[in-house]
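S.K.: Sharing a model that was predicted from the sequence below.
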Amino acid sequence: ISVFFPIRDATSTASFAMKWFTLNFRAFVCLAFATSSSCFGPSTVDDHFHPGNGGPPTTAPSWLNVAPRNGQVIVSWPSVEGATSYNLYWNSTGNPTTADSMIPNVTSPYTHTGLSNGTVYYYGVTAVNHDGGGPISQVASNVATSVPYITLPGNALGFHDYPTAFVRNFYRDGNKLYIVGVGGLAITQDDGASFQTRTTANGLGSNFVNAIYANGSFVVAGTSNGLSISHDGGNTFSTKTTANGLGSNSIYSVDGNESTLAVGTTGGVSVSTDAGESFSTATTADGLGSDVIPDIIVSDSTIYAGTEGGFAFSTDGGNSFTNRTTVHGLPNNTVNQFALAGDTIYLATGSGLAYSTNGGTSFTSKGVAEGLGAWSVLSVAVAGDNIYATGFDFAGHSGLYVSQDGGAHFTKPSGANFPMALLATEQTAYLGGPAGYGLVITRDAGSSFSHVPSGGLYSGEVNKLAVSGDLIVAGSDSFFHSMLMISTDGGKSFIQKSDS
């Protein structure tokens with residue numbers, strides 16, 4: 001700090017000394033006789049003074065995640081001790097350095113907009129404090145894409161799937177499709193033309209994988225022996241267990257967003273806000289209807305969980321839950337599966353369908369009087385004004401029920417018997433069934449149905465479905481009919497990728 005002061009008496013022989021001290025990050029300066037520790041005269045203040053931290057940060061963020069979106073990407077990273085801000089460096093040629101384009105003073109997660117779909121963008125981050133910037137992080141990249149980032153629910157039935165099956169779940173993130181089951185994790189970036197397989201040799205906690213979630217290079221696999229996390233796009237994994245705060249090492253469901261990772265276990269809902277480094281767990285003591293969580297969804301700042309003891313939701317990051325039961329309008333406390341459509345929540349329960357338009361405060365039940373005709377609703381899917389539900393009637397026959405008026409009335413179309421899986425996108429519904437039934441598609445809300453061609457899926461059992469545009473992935477976790485079939489032309493033809 002430079003300090004200037006006038007000497008009013010040029011003939012004076014007194015010796016002066018500058019004294020300075022700091023208070024609340026501000027520097028105060030005054031004058032004193034060299035032989036005294038006391039100041040005389042008013043002190044001055046420099047509002048631009050900031051104490052150093054002993055040099056700039058010496059470490060970079062330990063990982064970097066880049067998630068693809070339409071015309072943009074979302075970049076996230078963990079915090080660095082002592083950092084007050086971060087600088088983001090990027091280019092579209094590879095291996096960015098601090099000489100590349102910089103976006104200063106950003107926080108994680110950061111959304112980089114105005115990008116061109118189909119272009120690969122590369123990023124690096126430095127931690128910054130008052131003394132400068134630290135080293136650049138490892139480089140991460142991804143492609144801005146218009147391919148939707150969506151969860152593809154493989155467990156459309158909503159049954160409690162225990163780790164004894166084959167194809168168990170799907171997830172698509174950008175151009176990557178993740179398929180999990182007994183045997184580990186399979187990843188394809190070319191719609192099934194080729195696969196990379198990940199197992200315990202790559203760090204998975206178990207080769208029995210029940211659930212999958214991905215967001216850019218951040219990939220999470222829920223196994224029968226812990227939650228396995230990758231920060232490099234699924235190449236390598238490290239596994240978290242109860243020692244890291246999980247409610248149980250048996251994982252049934254996983255979902256997340258840019259800031260929250262929620263895990264459904266056999267010991268409650270475990271939530272992480274630091275990309276899976278640590279977890280806090282909520283149980284029935286915190287409002288859940290059951291500690292077994294087969295179905296979980298994170299939507300904005302709310303966590304939803306379907307259980308055998310009701311439908312629970314949390315608005316405080318998973319610290320506490322509000323549970324809804326028959327007291328609040330549910331026809332049954334067993335929630336087989338649920339779906340979110342805008343502001344409406346739909347529940348498939350053990351005794352009918354329920355929906356809420358007020359955030360879950362109360363529910364309205366639909367059943368026989370509305371034409372649903374099912375004593376147990378197994379799954380529900382919503383596409384526009386059309387609501388599709390599958391279930392068993394009172395004679396024990398399963399079928400599809402369709403509403404085209406928002407759930408006021410349902411009809412049971414012919415030609416869709418014994419559905420075991422259900423998905424709906426826009427005006428199209430996809431139904432999988434047992435062996436000899438295969439896959440059936442309706443594009444007119446159940447007025448007509450078409451089977452996939454013979455030689456495709458017609459003779460195979462389908463109880464797992466994933467749809468994204470023209471890509472259809474059909475699978476089975478049946479012990480006798482396990483398989484994986486992929487169509488890239490909207491179901492006109494399928495290629496068989498595996499068979500037990």
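M.R.: Nice, thanks for sending it over. Residues are numbered from 1 along each chain as shown.

S.K.: so Gly287 touches Arg324, yeah?
M.R.: No. Using CB atoms under 8 Å, Gly287 makes no contact with Arg324, being 10.5 Å away. For glycine as for every other residue, the C-beta is placed from the backbone atoms N, C-alpha and C.

S.K.: Which parts of the longest strand anywhere in the chain count as buried, going by neighbours?
M.R.: Ranked by number of residues, the top strand in the chain under DSSP state E is strand 120-129. Of the residues in strand 120-129, 121-129 count as buried by neighbour count, 16 or more other CB atoms under 10 Å.

S.K.: Counting by contacts, list what that strand packs against.
M.R.: In this structure, strand 120-129 packs against strand 72-76, strand 85-91, strand 132-136, strand 140-143, with contacts taken as 3 or more CB pairs under 8 Å, 6 or more residues apart in numbering; DSSP states H and E.

S.K.: Now distance to Phe170 too, for those, in a markdown table please.
M.R.: Converted to a markdown table, these look like this (distance: least, CB to CB, whole Å):
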| stretch | distance to Phe170 |
| --- | --- |
| strand 72-76 | 22 |
| strand 85-91 | 31 |
| strand 132-136 | 35 |
| strand 140-143 | 20 |
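
S.K.: least reliable of those strands going by mean pLDDT?
M.R.: Note on those: strand 140-143 shows the lowest mean pLDDT, a mean of 72.

S.K.: which strands and helices sit next to that strand?
M.R.: Counting contacts by 3+ CB pairs under 8 Å, 6+ apart, strand 140-143 packs against strand 65-69, strand 120-129.

S.K.: Isn't Ser448 up against Thr442?
M.R.: Yes. Contact criterion CB under 8 Å: Ser448 and Thr442 qualify, at 6.5 Å.

S.K.: The two: which is more packed in?
M.R.: Comparing Ser448 with Thr442 by other CB atoms under 10 Å, the one with more neighbours is Thr442, at 23 against 11.

S.K.: tell me the contacts of Ser447?
M.R.: Pro413 (CB atoms under 8 Å, 6 or more residues apart in numbering).

S.K.: before we move on, what SS does Gly118 have?
M.R.: Each residue gets one of three states, and Gly118 gets coil by DSSP: H, G, I helix; E, B strand; the rest coil.

S.K.: And it, what's its pLDDT?
M.R.: According to the prediction, Gly118 has pLDDT 76.

S.K.: what sits in contact with each of Gly287 and Arg324?
M.R.: Each of Ala312 lies in contact with both Gly287 and Arg324 under the rule CB under 8 Å, 6+ apart.

S.K.: quick one, which of these two is more surrounded?
M.R.: For Gly287 versus Arg324, the count of surrounding residues by other CB under 10 Å is larger for Arg324: 23 against 17.

S.K.: Give me the distance between that one and Ala408.
M.R.: When distance is defined by CB to CB, to the nearest Å, Arg324 is 22 Å away from Ala408.

S.K.: same check, this time on Thr364
M.R.: From Thr364 over to Ala408 (counting by CB to CB), the distance is 10 Å.

S.K.: Need the distance between the two termini of stretch 316-335.
M.R.: Stretch 316-335 has an end-to-end distance of 22 Å (criterion: CA to CA, to the nearest Å).

S.K.: Looking at the helices and strands packed on strand 120-129, which is nearest to Ser493?
M.R.: strand 140-143 (27.0 Å; CB to CB).

S.K.: pLDDT averaged over the very next helix or strand once past the closest one, what's the number?
M.R.: Next along the chain after strand 140-143, taking DSSP states H and E as the criterion, comes strand 167-173. Mean pLDDT, computed over strand 167-173, is 72.

S.K.: What helices and strands are in contact with strand 167-173?
M.R.: Strand 167-173 sits against strand 176-181, strand 209-215, strand 464-468, strand 471-476, with contacts defined as 3+ CB pairs under 8 Å, 6+ apart.

S.K.: how much space between the residue nearest to Gly216 when sequence neighbours are not counted and Val75?
M.R.: Distances taken as CB to CB, 6 or more residues apart in numbering put Ala67 closest to Gly216, at 3.3 Å, once the chain neighbours are dropped. Counting by CB to CB, the gap from Ala67 to Val75 is 8 Å.

S.K.: And Asn175, by the same measure?
M.R.: 18 Å.

S.K.: When those two are compared, which one has more neighbours?
M.R.: A side-by-side neighbour count of Asn175 and Val75, using other CB under 10 Å, places Val75 first with 26 against 14.

S.K.: That one contacts Arg69, correct?
M.R.: No. The pair Val75 / Arg69 is not scored as a contact, 11.0 Å apart, by CB under 8 Å.

S.K.: Common neighbours of these two, please.
M.R.: Common neighbours of Val75 and Arg69, counting by CB under 8 Å, 6+ apart, are Thr111.

S.K.: Where does the prediction get shaky in this structure?
M.R.: 1-54, 143-168, 374, 393-397, 415-418, 426, 434-437, 452-461, 476-483, 496-500 (pLDDT under 70).

S.K.: which residue is nearest the middle of it?
M.R.: Gly256 (2.5 Å; CA atoms, centre = their mean).

S.K.: Show me what it bridges to in the sheet.
M.R.: Per DSSP bridges, the residues bridged to Gly256 are Leu261.

S.K.: what does Val220 give?
M.R.: Tyr213, Ile229.

S.K.: Hmm, it is touching Gly205, no?
M.R.: No. The pair Val220 / Gly205 is not scored as a contact, 11.4 Å apart, by CB under 8 Å.

S.K.: Find residues that contact each of those two.
M.R.: In contact with both Val220 and Gly205: 227-228, using CB under 8 Å, 6+ apart.

S.K.: more neighbours, those two?
M.R.: Per other CB under 10 Å, whichever of Val220 and Gly205 has more neighbours is Val220, with 27 against 23.

S.K.: so who does the residue nearest to Gly216 touch?
M.R.: Contacts of Ala67 (CB under 8 Å, 6+ apart): 73-76, 142, 149, 173-174, 215-216, 218, 258.
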